[in-house]
Each structure stands twice: as C-alpha cells, then as structure tokens.
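# Build me a model:
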Amino acid sequence: MNAAAADTRSTLAWLPGLIAAAAAAAAAWGIHWLVPAIPLLTAAVALGIIVGQLPFARPAITGSLAPGLAVASRRLMRIGIVLLGLKLSLVDIAKLGWLTILTTVVIVVLTFVGTIGLGRLFRLPGQQPLLVATGFSICGASAIGAMSGVVRAKDEETATPVALVTLCGTLAIFVLPVFWHPLGLTSVQFGHWAGAGVHDVGQVVATAQIAGSAALAVALVVKLTRVLMLAPMVALTSVVERRRHVDPDPAAKRPPIVPLFVAGFIAAMLVRSFLPVPPAVLNGADTLQTLLLAMALFGLGSAVRLRTLLGTGWRALAVGLLSWVLIAALALGAVELSS
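Reported below is the predicted structural model:
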C-alpha cells in the first residue's frame, strides 16, 4: 500500500507540468495555424523560452511544474524520436541517388566535427560543443534532446544549444529565400539546399515550401536522410561515453551501448521501409510525434535563461552563427556538386 501510494504521489507530481506542456503544445499549434510560416515545434520552443523569462512564472517552473516538465523534456522526447523513425523510408532515400546521399552524410559529419571544434575554440563549457554540433548538423532541438540524454547533460547545458538552434533555424526561414534567385538555383535545387542546410524538419518545410511542391518533396527527403544520421551519431557517442566512464563502484550504471530509444527509432524506420503500414497509422503516429516533441521542446525552452545567455553566452552565439554559415555553405556546395 505504501509503495502504491508513493507511485500515485509521483504520478500526481508529474501532472501539473505535463498539463502545462500539453497546453503549450496546443498554443503552439494555434500559432502555427494562424501563421503557417512559423513551424509548430519552433513555436513550442519559443513559448517555453518566453515563459521561462516571466518572473511570476519561474517559481512554478522550478517548483510544482518541474517534475512534469522534466518528464516531458526527457521521456516524451525519446518517445517522439522513436515515432520520428516512421517518417523515414529507406526506399525514398535510395531514390535520391548515391551522390546526394553521400554528400548529405559528408555535410552532417563535417558540420558535426567542425562545430565541436568551434565550440572548443570558443571554450564553451561542459557538453555544449557536442550538443550544439548535434542540433546544427542533424535535426535541431530534438537531436539535442536525444544526445543530452546519452551524455547526461545538465538542463543548463541543454538550454543554450536549444535556444541557438531555434534562433538560427528561424532565421534560415527568412534568409535562405533571399538568396534563392541571386544564386541562380532552380526550385528543386533550392529545396535540396533547404533540406541539407536547415535544422529542424518544421523549419525545412517552412523554408522550402516557398519554392513549390517539388522543392518541398526534395527538401523533406534530404532532411530525413540527415535525420537518419541521428541513430549512428548517438550510438557512437554512447560507446565513447561508456569507454570514458570511470567509476570506482563496479555496480555503477554505465551508459548503454545503444540507447533503447535509438533502437526503437531504427526499428520504426525499418517498419516504415519494409512493411505496408496503413496511412491512417502513419498519420496518427505523425500527429502523436508532433504533440510529444512540442511538449518536450516547451520543457527544454523553459529552462533557457536569457539573462544568463546574454551575459555570458556571446561565445555560444558566435559558435551557433558560424556553424549555421558552415552548414549553409557546405549544403550549397553539395547542391552544385549534385547538379
């Protein structure tokens, strides 16, 4: 009875934060519905950042809402990433051709390594170089959430990369179209550039749709090829962390070789690729995945403290902007090479 009562209390402690995250996800959906150019997940992160700065809201965020927001930003994030695998079809990716696939993988690796180098050059603390590199090279804030769980990053370490990737990804929605015609790109080439160089899936959609449906289709497949890199990158980092983990207690828990949610992501991708999944199931999974990630990203955004970021985060801002320029330049080069 005592154990059951404790479990009930634990569940009840989660509820306020989960309800707040769900309400924020609904608000983000409303913003996206009113202004389609604003991706839903970007709106969710932005709402979290805004709420996190309100003096009257901070006591609740760090108090009664904290357990539920922690569950949202960690557990719901991982479930959402598993469902993200259902968006990936290896058949669709194979249709891009080996050169496009190869250049996309190279862009991810070079941006990842280059951003880590920039983070160390600018002396970012803790796991921030790794998290910024993950977000900018793979798939935005959701990738940061996945990687932070593997390296056991602190909330403060995660918050700054999430804010940076949201800022730069939002800027890309407005900046890349300005260069579309001056660079002499066709609509399909512009879609390729957006898919290879913009961070979050929603931001890619908002950027590429301006060039039409053909550009959007190419952008999504290229982007999902980058998302495919999430599993090996996270798994490799987990192996490295496992080897680096030194603890005098042999019974101490070590990071798993392949995190469970990464295995789930791969399994979902294989199901999508080789089994006939009904469209209704795919649509339902897509809606649920968007809801879970929106709740998770609101939780991550609420941990951002702009005063701290503005006071000490100029180095992080410089790394973010340089990484954004790096991936945009590499992506443009890949478009020219693949043409």
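# Check whether Ala303 sits in a helix, strand or coil.
What DSSP: H, G, I helix; E, B strand; the rest coil gives for Ala303 is coil.
# so it sits right up against Glu157, yeah?
No. Counting by Cβ atoms under 8 Å, Ala303 sits too far from Glu157 to count as a contact (9.8 Å). Where you see a C-beta, it was placed from the backbone N, CA and C, and this is true even at glycine.
# For Leu293, see how far away Ala43 is.
12 Å (Cβ to Cβ, to the nearest Å).
# still on that earlier bit, out of Ala303 and Glu157, which sits in the busier spot?
Just comparing Ala303 and Glu157: by other Cβ atoms under 10 Å the higher neighbour count belongs to Ala303, 24 against 20.
# Please tell me how far that one sits from Gly52.
With distances taken as Cβ to Cβ, Ala303 is found 7 Å from Gly52.
# Which residue ranges of the stretch 1-150 of the chain form helices?
Applying DSSP state H, counting those that start in this stretch to the stretch 1-150 of the chain gives helices spanning 2-34, 40-53, 58-62, 66-71, 77-84, 90-94, 98-121, 128-134, 140-151.
# Output the contacting helices and strands for the fourth one.
Contact partners of helix 66-71 among helices and strands, from 3 or more Cβ pairs under 8 Å, 6 or more residues apart in numbering; DSSP states H and E: helix 2-34, helix 279-301.
# Now the last one: average pLDDT?
The pLDDT scores in helix 279-301 average 88.
# now the angle from it to helix 140-151?
Here helix 279-301 runs at an angle of 70 degrees relative to helix 140-151 (axes from the mean of the first three to the mean of the last three Cα atoms, to 10 degrees).
# can you offset everything so residue one is 375?
Okay, residue one is now 375; in that scheme the one you just asked about reads as helix 653-675.
# Which positions in helix 653-675 come out as buried?
By neighbour count on 16 or more other Cβ atoms under 10 Å, the buried set for helix 653-675 is 659, 663-675.
# Turn these into CSV, including distance to Gln563.
Putting these into CSV (distance: Cβ to Cβ, whole Å) gives the following:
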residue, distance to Gln563
Ala659, 31
Gln663, 29
Thr664, 28
Leu665, 34
Leu666, 34
Leu667, 29
Ala668, 31
Met669, 36
Ala670, 33
Leu671, 30
Phe672, 35
Gly673, 37
Leu674, 33
Gly675, 33
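# Specify which member of those is nearest to Gln501.
Gln501 lies nearest to Leu674 out of these, by Cβ to Cβ, at 14.2 Å.
# Does that closest one touch Ala420 like I think?
No. The criterion here is Cβ under 8 Å, and Leu674 misses it with Ala420 at 11.5 Å.
# for stretch 500-507, which positions count as buried?
Counting neighbours by 16+ other Cβ under 10 Å, the buried set in stretch 500-507 is Gln501, Gln502, Pro503, Leu504, Leu505, Val506, Ala507.
# Let me know the closest of these to Val552.
Taking Cβ to Cβ as the measure, Val552 sits nearest to Val506 out of the buried residues of stretch 500-507, at 24.7 Å.
# Once you drop chain neighbours, what's closest to the closest one?
The shortest distance from Val506 to any residue other than its chain neighbours is 4.5 Å, reached at Pro535 (Cβ to Cβ, 6 or more residues apart in numbering).
# for Leu505, same thing?
Pro535 (4.1 Å).
# same thing with Ser522?
The nearest residue in space to Ser522 (Cβ to Cβ, 6+ apart) is Thr532, at 4.5 Å.
# how about the helix or strand containing the one you found: buried residues?
In the assignment (DSSP states H and E), Thr532 maps to helix 529-554. Buried residues in helix 529-554, defined by neighbour count with 16+ other Cβ under 10 Å: 529, 531-544, 546-547, 550, 554.
# and whatever helix or strand comes next after that helix, C-alpha only, in PDB?
Once helix 529-554 ends, the next helix or strand along the chain (criterion: DSSP H and E) is helix 561-571. Taking C-alpha atoms only, helix 561-571 is exported to PDB below (Å, rounded to 0.1, in the frame of the first residue of the first chain):
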ATOM      1  CA  SER A 561      13.300  25.400 -57.300                       C
ATOM      2  CA  VAL A 562      14.400  21.800 -56.900                       C
ATOM      3  CA  GLN A 563      18.000  22.900 -56.100                       C
ATOM      4  CA  PHE A 564      16.600  25.400 -53.600                       C
ATOM      5  CA  GLY A 565      14.700  22.500 -51.900                       C
ATOM      6  CA  HIS A 566      17.900  20.500 -51.800                       C
ATOM      7  CA  TRP A 567      19.700  23.400 -50.200                       C
ATOM      8  CA  ALA A 568      17.000  23.900 -47.600                       C
ATOM      9  CA  GLY A 569      16.900  20.200 -46.800                       C
ATOM     10  CA  ALA A 570      20.600  19.900 -46.400                       C
ATOM     11  CA  GLY A 571      21.200  23.200 -44.600                       C
END
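# Now do helix 561-571 against helix 472-495, angle only.
Orientation of helix 561-571 against helix 472-495 (the same axes, to 10 degrees) gives an angle of 40 degrees.
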